[in-house]
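K.L.:
Sequence plus predicted model, see below.
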Amino acid sequence: MPRPVSASVSVSALAHNLFVVRRRAAGTRVWAVVKAHAYGHGLPAAIRGFAAADGMALVEFDNARRLRALGWRGPILMLEGAFGPADVATAAELGLSLVVHDAGQVAWLRAHEGRSIDVWLKLNTGMNRLGVAPDEASALQQALAALPCVGKVSLMTHFADADRPGGAQAAIERFDRATGELSGSRSMANSAAIFDVPEAHRDWVRPGIVLYGASPFADRGASALGLRAAMTLRSELIAVQSLKAGDAVGYGSTFVADAPMRVGIVACGYADGYPRHAPTGTPIDVGGTRTRTVGRVSMDMLAVDLGPVSEAGVGTPVELWGERVPVDEVAASAGTVGYELLCAVAPRVPMYLVD
Ligand SMILES: *Cc1c(COP(=O)(O)O)cnc(C)c1O
C-alpha cells in the first residue's frame, strides 16, 4: 500500500479559472503564469488546463524546454529573462520571448546571432526588484529595436501592491509617463490587478495564483472571486488516540486536552509540504466534516480533533486543503499565503490529474 497522502489536480478547475480571468479582462490576451511547476500543480496539468491561454510565462529555462516537449507551441515568456548569454541562444532555439530588465541582458542580445527573439522591456515602477529606471526606457527600447536579432519590443511592469485598494496607482502613472510616446504591447496586471484594477489590463494580463483557484487578497476568498480550487491535498487517518484530561499530543506537548477527547493521526506532515507553523486550530476536513488540527505538525504526521466527527476511525479520508478547505485559510492560520503552500507540496506526494 502506498502511503495515503496524495494531491489531485482538476484540469476543469484550471480551465474554469482561466475562463473567469478572460471574463474579468475581456479583450486582453492572457499569459498563464506557470513558474514553480505551475505553482506546484505540475506542467502536464497546466498544459491541459490552460490550453486556451495565449501564452505561458515562467522563469525556468529547463521548464520552458519541457513545455515545448509537452507540445506547447504558443508563446512562452521568460519573466526574469536570460541569466547568461547561453539562455539567449536557448530562447532563439525554443522560440521564447525574453524579459529584459537590465542593460547586461541587452548586451547578451547584441552579441547574439541567429533567429530573432521577441523581448519585453521591464520597467521598475516602484517595486525595486527587477526593471530599468522609467527614464531609461525610451533609450533602451530604441537600442533593442535596432538590434537585428530582436523582434518585437513590448513593455511591462509588475506591481508591488495591487492587492490593496489604490495600491497600483502610482506605478501605473510612472509607467504611463515613461512610455506614453513608445510603441509596443503593454502588460502590467497580475491576479490582483486583473480583479481590482481594470485600467491596468492593457494588452496582456499575467494571472498566476487565481488560475489555481486561490486568492491574492487577504480579505476575499477564492470562491468570492468565482474561482475553483484546482488542487486537493488528501490523506487518511492512520491511528486514533483517546486522551484523558491533561494528556498531550505531539512534539513539545503544546496541546493538552482539558477534557477526554479523541484525536486522529493523519499521514501528512511538513515533509509533504504541510506548514509546520500551522498552529492548533488550523481548519481541516475529516470525513466530510470540518474540524481543527491539534498540537505541532511533525515531519510525517499531524493530529486532528475528532470531537465533531465521532464516527471517524482509521482509514477515514482527510482533506488538508482543496475544495472544502480553502488553501488560503490554512495559509492564513500558518501565517503565510496560499502561494507558498501550493508551491511547496513535496515531490514525495503523488500527484494525479482528474477530469
Ligand atoms: C509571478 C508573477 C505574476 C503572477 O502573479 P500572481 O500574483 O500569482 O497573479 C505576474 N507577473 C510576474 C512578473 C510574476 O513574476
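P.N.:
Thanks, I have it. Residues are numbered from 1 along each chain as shown.

K.L.:
if you skip the residues just before and after it, what's nearest to the residue of the stretch 251-355 of the chain found nearest the ligand?
P.N.:
When scored by CB to the nearest ligand atom, the stretch 251-355 of the chain has Y339 as its residue closest to the ligand, at 6.4 Å. C-betas here are computed from N, CA, C, even on glycine. Excluding the flanking residues, the one nearest Y339 by CB to CB, 6 or more residues apart in numbering is I209, at 5.6 Å.

K.L.:
close enough to count as contact, that neighbour and H41?
P.N.:
No. I209 is not in contact with H41 according to CB atoms under 8 Å; the separation is 11.3 Å.

K.L.:
Could you tell me how far whichever residue of the chain sits closest to the ligand is located from L342?
P.N.:
Residue nearest to the ligand within the chain: G208 (2.4 Å; CB to the nearest ligand atom). Going from G208 to L342 by CB to CB, to the nearest Å gives 10 Å.

K.L.:
quick one, longest helix in this structure?
P.N.:
Secondary structure of the chain per DSSP state H: the longest helix is helix 11-24.

K.L.:
Mean confidence (pLDDT) on the following helix or strand past it, please.
P.N.:
Where DSSP states H and E defines the elements, the next helix or strand beyond helix 11-24 is strand 29-33. Here strand 29-33 scores 98 as its mean pLDDT.

K.L.:
Which strands or helices does the helix or strand that strand 29-33 is followed by pack on?
P.N.:
Sequence order places helix 35-39 as the next helix or strand after strand 29-33, per DSSP H and E. Packing contacts for helix 35-39, counted by 3 or more CB pairs under 8 Å, 6 or more residues apart in numbering; DSSP states H and E, involve helix 43-49, helix 338-343.

K.L.:
Show me which residues of stretch 161-179 are buried.
P.N.:
Applying a neighbour-count criterion of 16 or more other CB atoms under 10 Å, the buried positions in stretch 161-179 are D161, A162, D163, G167, A168, A171, I172, R174, F175, A178, T179.

K.L.:
So the fifth one sits against R174, correct?
P.N.:
No. Using CB under 8 Å, A168 is not in contact with R174; the gap is 10.6 Å.

K.L.:
Would you check how far apart T291 and I117 are?
P.N.:
T291 is 53 Å from I117, by CB to CB.

K.L.:
Which one's more surrounded, those two?
P.N.:
Higher neighbour count among T291 and I117: I117, with 24 against 19, using other CB atoms under 10 Å.

K.L.:
Which element, helix or strand, includes the residue lying closest to that one once chain neighbours are set aside?
P.N.:
Computed as CB to CB, 6+ apart, the closest residue to I117 that is not its neighbour in sequence is A91, at 5.1 Å. According to DSSP H and E, A91 maps onto helix 85-94.

K.L.:
How about the helix or strand following that helix, which residues are buried there?
P.N.:
Going down the chain from helix 85-94, the next helix or strand is strand 97-100, by DSSP H and E. Residues of strand 97-100 classed as buried by neighbour count (16+ other CB under 10 Å): S97, L98, V99, V100.

K.L.:
tell me which residues of the longest helix of the chain are tucked away?
P.N.:
Residues of helix 11-24 classed as buried: V11, A13, L14, A15, H16, N17, L18, V20, V21, R22, R24 (neighbour count, 16+ other CB under 10 Å).

K.L.:
number of nearby residues for the nearest residue to the third one once chain neighbours are set aside?
P.N.:
Distances taken as CB to CB, 6+ apart place G49 nearest to L14, at 2.5 Å, with adjacent residues excluded. Using other CB under 10 Å, G49 has 27 neighbouring residues.
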